[in-house]
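> Have a look at this fold, sequence not included:
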């Protein structure tokens with residue numbers, strides 16, 4: 001019994017295009033909302049949480065609908081095809097709305113243009129503004145007009161060692177953009193409307209894409225297949241990070257860039273991956289072959305849920321509660337960083353976020369297999385605790401990084417965070433399903449995703465509100481505290497580790 005890696009890779013192109021989309025979305029949408037529409041971090045966080053709010057309701061819905069689908073193309077393929085096309089078209093349309101808003105604020109969109117700076121100064125001279133550090137200031141009390149017009153994005157204040165552009169020009173430009181948006185809200189309404197269409201389209205095929213792998217893969221081989229699928233998704237994310245470096249999307253000089261070309265390239269990648277998927281994946285044929293192979297290998301009964309449902313004992317219920325709470329807590333910390341780092345890197349660190357995130361992804365890829373091997377020796381709980389320590393140990397020193405800090409150090413910290421997150425992620429879901437019988441795996445999978453989704457809904461808004469009131473530098477302390485709390489709750493988990501007893505024959509293949 002061997003896994004068909006070629007077949008699994010081809011199925012994985014659906015995950016490839018999903019992850020490519022989300023990497024581009026998470027990196028650029030917050031920047032557009034804050035820089036071009038002048039939106040506060042709080043409201044930007046609300047918009048960024050929409051995908052998770054919709055996912056809580058739409059993922060189960062479309063997963064169930066695809067289960068009952070009887071298309072000649074298969075259960076899942078039509079959802080993947082239609083959802084991808086709608087999302088790609090909406091992404092290109094979104095770029096045109098972004099360009100329209102850029103024209104709406106064109107008089108101040110040029111970086112380091114004295115004429116633009118003069119307009120910003122004249123309109124915001126007496127307005128109380130907020131620096132990224134959380135300090136309030138009034139332009140006319142901080143700079144003369146001549147001093148303000150001399151500020152450039154690539155220089156650092158000789159006295160404070162900080163960037164006057166980041167601390168004063170960027171907030172003033174955002175305030176100007178907010179006023180223009182309030183007077184002409186049409187572009188914002190169109191932008192949010194297209195976002196909703198795009199998010200619904202992505203949600204419509206995420207569950208069918210996830211379900212396709214087990215549809216065409218026999219149960220003993222699904223763990224290996226899932227690793228391949230995750231690597232395909234990671235490859236999609238890395239490709240977009242590399243493109244971000246090519247387009248310099250994170251550079252301060254491009255903080256007001258037009259994203260039309262970039263978004264068209266991302267949409268092209270999604271459609272190209274879909275084309276490979278549609279031309280090579282034969283869902284009905286492969287599903288039938290999987291069922292025949294399962295019968296031939298004597299796995300037919302193993303493919304069915306294990307009849308009777310098992311009630312958890314009181315200690316097991318406590319372990320499940322603390323495990324789900326731990327999942328929510330480390331997502332509170334980790335997702336706050338991933339959803340806000342693009343803005344944070346530009347305003348506080350003045351560094352290229354693409355390189356840093358790329359290194360974190362690469363470190364996570366290298367850590368996937370070792371994390372599983374370590375868990376087989378130390379146990380899942382101990383391995384997760386090691387990952388939690390690594391993640392908190394990366395976020396805590398990152399709290400003290402500023403514009404003048406070494407770039408290599410932030411890259412190292414994010415690589416450490418990537419290793420920690422991979423160590424946690426590889427082992428946490430198996431701990432949840434270890435507590436249930438075969439008949440309850442879907443239900444307990446829902447428990448896992450409910451815990452993670454709720455955290456991803458709340459934390460962008462909560463962290464955004466704190467950043468608005470206390471300054472952007474609260475981001476990494478916030479993340480470190482929540483991850484540290486996850487260590488405490490994880491210590492309370494007493495069940496869910498892999499069973500020690502050995503398995504014989506075909507049972508040895510059953511990693512699920």
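On my side now, so go ahead. Small disclaimer: the values here were computed from a predicted structure and weren't measured. Numbering: from 1, shown residues only.
> C-alpha only now, for contacts and for neighbours.
Will do.
> Would you enumerate the residues in contact with residue 97?
Residues near residue 97 by Cα atoms under 8 Å, 6 or more residues apart in numbering: 187, 190, 191.
> Any buried residues in the helix or strand it falls within, and which?
Element membership of residue 97 [criterion: DSSP states H and E] is helix 77-104. For helix 77-104, a neighbour-count test (16 or more other Cα atoms under 10 Å) marks 77-81, 83-102, 104 as buried.
> In terms of secondary structure, what does the next helix or strand after that helix contact?
Per DSSP H and E, the first helix or strand lying C-terminal to helix 77-104 is helix 106-109. Other helices and strands packing on helix 106-109, by 3 or more Cα pairs under 8 Å, 6 or more residues apart in numbering; DSSP states H and E, are helix 114-124.
> Distance from the helix it packs on to the middle of the chain?
Computed by Cα atoms, centre = their mean, to the nearest Å, the chain-centroid distance of helix 114-124 equals 36 Å.
> Residue 402 in helix, strand or coil?
coil (DSSP: H, G, I helix; E, B strand; the rest coil).
> Skipping adjacent residues, who's closest to it in space?
Distances taken as Cα to Cα, 6 or more residues apart in numbering place residue 349 nearest to residue 402, at 5.0 Å, with adjacent residues excluded.
> how close does the one you found get to residue 162?
Residue 349 is 10 Å from residue 162, where distance means Cα to Cα, to the nearest Å.
> Pull up the overlap in contacts between those two.
Residues touching both residue 349 and residue 162 (Cα under 8 Å, 6+ apart): 403, 404.
> Which one of these two is surrounded by more residues?
Neighbour comparison, residue 349 and residue 162: the larger count goes to residue 349, with 23 against 17 (by other Cα atoms under 10 Å).
> mind listing what that one touches?
By Cα under 8 Å, 6+ apart, the residues touching residue 349 are 401, 402, 403, 404, 405.
> So the second one is in contact with residue 348, correct?
Yes: assessed by Cα atoms under 8 Å, residue 402 is found in contact with residue 348 at 6.0 Å.
> These two - which one has more neighbours?
Between residue 402 and residue 348, counting by other Cα under 10 Å, residue 348 is the more crowded of the two (23 against 19).
> where does that one sit relative to residue 475, distance-wise?
Separation of residue 348 from residue 475 (Cα to Cα): 11 Å.
> Then residue 78?
Taking Cα to Cα as the measure, residue 78 and residue 475 are separated by 41 Å.
> again with residue 459
In terms of Cα to Cα, residue 459 sits 11 Å off from residue 475.
> tell me, what's touching those two both at once?
Here residue 459 and residue 475 have residue 336 as joint contacts, going by Cα under 8 Å, 6+ apart.
> Helices along the stretch 201-350 of the chain, start to end?
In the stretch 201-350 of the chain, the helices defined using DSSP state H, counting those that start in this stretch lie at 222-247, 260-280, 283-296, 314-344.
> Redo the ones you listed as JSON lines? Include mean neighbour count.
Output for these, formatted as JSON lines (neighbours: other Cα atoms under 10 Å):
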{"stretch": "helix 222-247", "mean neighbour count": "19"}
{"stretch": "helix 260-280", "mean neighbour count": "18"}
{"stretch": "helix 283-296", "mean neighbour count": "16"}
{"stretch": "helix 314-344", "mean neighbour count": "22"}
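> Please name whichever of those is nearest to residue 153.
helix 314-344 (15.3 Å; Cα to Cα).
> Check what pLDDT residue 82 gets.
pLDDT recorded at residue 82 is 97.
> Equivalent analysis for residue 433, please.
We note a pLDDT of 63 for residue 433 in this prediction.
> And residue 221, by the same measure?
In this model, residue 221 carries a pLDDT of 66.
> Could you pull up the residues touching residue 264?
Counted by Cα under 8 Å, 6+ apart, residue 264 has contacts 91, 92.
> Please tell me how far it sits from residue 415.
Distance from residue 264 to residue 415, by Cα to Cα: 30 Å.
> ok, back up a step: residue 459 and residue 475: which has the busier surroundings?
More neighbours surround residue 459 than the other of residue 459 and residue 475, with 26 against 23 (other Cα under 10 Å).
> To which secondary structure element is the more buried one assigned?
Per DSSP H and E: residue 459 is located in helix 441-470.
> what do you get for residue 140?
Using DSSP H and E, residue 140 falls in helix 139-142.
> Could you do residue 488 as well?
Assigned by DSSP H and E, residue 488 falls in helix 475-491.
> For that helix, name the packing helices and strands.
Packing contacts for helix 475-491, counted by 3+ Cα pairs under 8 Å, 6+ apart, involve helix 314-344, helix 380-398, helix 441-470.
> Which one, of those, ends up nearest to residue 357?
The closest of those to residue 357 is helix 314-344. By Cα to Cα, the value is 8.8 Å.
> so how far is the helix or strand just after the closest one off the chain centroid?
Using DSSP H and E, the helix or strand that follows helix 314-344 towards the C-terminus is helix 353-378. Chain-centre distance of helix 353-378: 16 Å, with Cα atoms, centre = their mean.
> again, but for stretch 346-364
Centre-to-centre, stretch 346-364 and its host chain are 14 Å apart (Cα atoms, centre = their mean).
> Next: stretch 395-415.
For stretch 395-415, the separation from the chain centroid amounts to 20 Å (computed by Cα atoms, centre = their mean).
> That stretch: which residues count as buried?
395-396, 398-399, 401-403, 407, 410-415.
> For it, give the distance from the opening residue to the closing one.
Terminal residues of stretch 395-415 are spaced 11 Å apart (Cα to Cα).
> Give me the mean pLDDT for that stretch.
For stretch 395-415, mean pLDDT rounds to 91.
> same thing with stretch 248-266?
Mean pLDDT, computed over stretch 248-266, is 89.
> likewise stretch 202-212?
Averaged over stretch 202-212, pLDDT sits at 83.
> Please apply the same query to stretch 476-484.
For stretch 476-484, mean pLDDT is 96.
> Please apply the same query to stretch 373-388.
For stretch 373-388, mean pLDDT is 86.
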